[in-house]
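Asker: coords below, sequence missing:
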């Protein structure tokens with residue numbers, strides 16, 4: 001049993017199997033790493049000086065409904081509320097990826113932006129393609145990539161001493 005041949009086959013076939021899912025995870029991961037640097041991916045968070053939350057849920061919904069281009073008609077259109085007392089704002093995120101930032105003091109709309117980071121995250125974990133893609137494609141690809149990394153490290157450490165010896169001569 002030649003370990004070098006086995007490792008070479010693992011790398012050859014493993015890379016052919018995982019290249020597309022791996023590139024998807026890699027590129028989307030890079031975008032997620034820099035999401036706070038680019039408002040196109042994730043809108044900048046506005047800050048106010050007011051730190052207490054005195055708004056009611058009705059105030060928050062009225063404020064969200066006042067933004068016509070987002071089209072909120074009821075709580076059913078809202079995915080989540082992200083209350084940031086330290087920044088003095090509440091973020092209202094819709095099911096279709098809009099984000100409205102309002103003041104915690106006055107319910108004034110401070111910013112309205114389209115948020116792409118959630119879409120990129122779902123592409124990154126495979127759920128954007130299909131719920132079962134996470135476990136059926138992306139998880140096995142990650143496991144194959146782990147095996148390839150470990151066998152590659154083994155090959156590197158096994159070959160490195162002989163290359164260093166040749167270099168010294």
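Answerer: Thanks, I have it. Predicted model only: the values in this text are computed from it and were never measured.
Asker: ok, now how distant is the residue positioned nearest the centre of the chain from residue 134?
Answerer: In the chain, the residue lying closest to the centroid (C-alpha atoms, centre = their mean) is residue 121, at 3.1 Å. Distance of residue 121 to residue 134, given as C-beta to C-beta, to the nearest Å: 12 Å. In short, each C-beta sits where N, CA and C put it, glycine included.
Asker: Residue 1 now?
Answerer: To residue 134, residue 1 is 35 Å away according to C-beta to C-beta.
Asker: what residues go with each domain of this structure?
Answerer: 1-37+116-153, 43-115 (automatic domain parsing).
Asker: a markdown table for the ones you listed, including mean pLDDT and distance to residue 161?
Answerer: Shown next, in a markdown table, are those (pLDDT from 0 to 100; distance: least, C-beta to C-beta, whole Å):
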| stretch | mean pLDDT | distance to residue 161 |
| --- | --- | --- |
| domain 1-37+116-153 | 89 | 14 |
| domain 43-115 | 93 | 51 |
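Asker: Looking at those, which is nearest to residue 159?
Answerer: domain 1-37+116-153 (8.7 Å; C-beta to C-beta).
Asker: Just the endpoints, please. Distance across that closest one?
Answerer: 19 Å (C-alpha to C-alpha, to the nearest Å).
Asker: what's the answer for stretch 63-78, then?
Answerer: Taking C-alpha to C-alpha, stretch 63-78 runs 12 Å from one end to the other.
Asker: Buried residues, that stretch. List them.
Answerer: 63-65, 67, 70, 72, 77-78 (16 or more other C-beta atoms under 10 Å).
Asker: Just the ones of those in helices?
Answerer: Judged by DSSP state H, these include 63-65 as members of helices.
Asker: So which residues of this structure form strands?
Answerer: Under the criterion DSSP state E, the chain contains strands at 78-84, 89-94, 98-103, 109-114.
Asker: what's the closest of those strands to residue 129?
Answerer: Here strand 78-84 is closest among those (C-beta to C-beta), at 20.2 Å.
Asker: and that closest one, which strands flank it?
Answerer: Neighbouring strands of strand 78-84 in its sheet, by DSSP bridges, are strand 89-94 (antiparallel).
Asker: okay, the angle between the strand it pairs with and strand 98-103?
Answerer: Orientation check (axes from the mean of the first three to the mean of the last three C-alpha atoms, to 10 degrees): strand 89-94 against strand 98-103 gives 160 degrees.
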